[in-house]
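J.: The sequence and its predicted three-dimensional model are supplied below.
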Amino acid sequence: MVAVTLCTAILASCTKAEPPLRVGANVWPGYETLYLARSLGYYNNTPIRLVDYPSGTEEVRAYRNGEIEAAGISIDQALVLAATNPDVRIVVVMDFSNGGDVILGKPEIQNVQGLKNRPVGVESSALGAFIITRALEQKGMSPQDIKIVSLGVSEHERAFKQGTVDAVVTFGSARTKLLAAGAKLLFESSQIPGEIVDVLIVRNEVIEKQPKALQALVDGRFRALDYLTKNPQDAAIKIAPRTGVTPEQFLESLKGLRSPDLPENQKLLAKTDPSLLNGVKRLSQVMLDNKLLPKAVDTAPLLDDRLVRNVKL
């Protein structure tokens, strides 16, 4: 009886399930390849759990609290995390925002200057603050010239339509729906090219402790990006229900970003192409100057090419 019990215990320890790799993401077109990979079965038999959050702000909080091991967030949020969590590593460049992030205003507001003294809805995150700061800077203005109204992403559409705010810094489905409802485009991320980048971050120790799951996550993501490129209509049909827009609207939203392929990722993260590293340094300085970063960050260790270097499609 003792022998049977002992064998059972040994067998249980040998077959103990690997802890799931918890990956945070929010509804943004650039992250949807992660969900497409899951839909296509690329993560089958791998302990990967995608966890939805309303915005990057909640993801940052979850990362700090140890609730997730990886996250799809904007690079400014990665810098904010890195300022207090030196274990942050950027392992995939998901996309460059090229019009996906916008400032939308009431139809009668002609330009960014027209926002003076008006209530503007902004998510209380580094990204929202960064976009409004950069847009106002280009017109010789500052956030003190407008009335900032802190709004969660889920509140953007309703607050704008109800007149709580005269303009909103937004993205994703809210951007799509508000433009369709007649909102005026006042500013878009294409006006600050290369400054808004979305990335996949992981804890450095996780790269060492859960290498197989992480590699499967990254492999599947690039396979899904390839599928989206070759089969856009079918991919959009699979993705659209989760994002709350039609397949056509999802494909239209992709025009507001550029997703670098595997070879470009390998060059950027290995720093053989220094443009990303230089951009991160520049962004870090802008954030410091505008008090959006608590302290300077050593940006070089952030970029990590270990996973993209070993991707198998």
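T.: Received it, and whenever you're ready, just let me know what you need. These numbers come from a predicted model, not from an experiment.
J.: residues contacting residue 177?
T.: In this structure, residue 177 makes contact with 157, 245, judged by Cβ atoms under 8 Å, 6 or more residues apart in numbering. Quick note: C-beta positions are derived from backbone N, CA and C, even for glycine.
J.: swap the cut-off to 7 Å and go again
T.: residue 157 (Cβ atoms under 7 Å, 6 or more residues apart in numbering).
J.: List the buried residues for the helix or strand hosting it?
T.: Assigned by DSSP states H and E, residue 177 belongs to helix 172-180. Neighbour-count burial for helix 172-180, counted by 16 or more other Cβ atoms under 10 Å, picks out 172-179.
J.: Sketch out the low-pLDDT regions of the stretch 51-200 of the chain for me.
T.: Within the stretch 51-200 of the chain, the stretches falling below the threshold (pLDDT under 70) are 125-126.
J.: Please spell out which residues along stretch 216-229 are buried.
T.: By neighbour count, with 16+ other Cβ under 10 Å as the criterion, the buried positions of stretch 216-229 are 216-225, 227-228.
J.: Residue 304 reaches residue 91, doesn't it?
T.: Yes: the pair formed by residue 304 and residue 91 meets the contact definition of Cβ atoms under 7 Å, at 5.4 Å.
J.: quick one, which of the two is more surrounded?
T.: residue 91 (24 against 19; other Cβ atoms under 10 Å).
J.: now the more buried one, what's its secondary structure?
T.: Secondary structure for residue 91, judged by DSSP: H, G, I helix; E, B strand; the rest coil, is strand.
J.: how near is it to residue 266?
T.: With distances taken as Cβ to Cβ, to the nearest Å, residue 91 is found 11 Å from residue 266.
J.: Quickly list what's touching both of these two.
T.: Joint contacts of residue 91 and residue 266 (Cβ under 7 Å, 6+ apart) are residue 308.
J.: Grab the longest helix from the chain for me.
T.: helix 211-230 (DSSP state H).
J.: mind checking the backbone torsions on residue 87?
T.: For residue 87, the backbone dihedrals (degrees, to the nearest 10) come out as phi -80, psi 0.
J.: Quick check: nearest residue in space to it, chain neighbours excluded?
T.: Leaving out its chain neighbours, the residue that sits closest to residue 87 by Cβ to Cβ, 6 or more residues apart in numbering is residue 204, at 4.5 Å.
J.: same question, residue 104
T.: Closest residue to residue 104 apart from its sequence neighbours, by Cβ to Cβ, 6+ apart: residue 183 at 4.0 Å.
J.: residues in contact with that neighbour?
T.: Taking Cβ under 7 Å, 6+ apart, we find residue 183 in contact with 104-105, 160.
J.: any idea how far it is from residue 106?
T.: As defined by Cβ to Cβ, residue 183 lies at a distance of 7 Å from residue 106.
J.: Thank you kindly, that will do.
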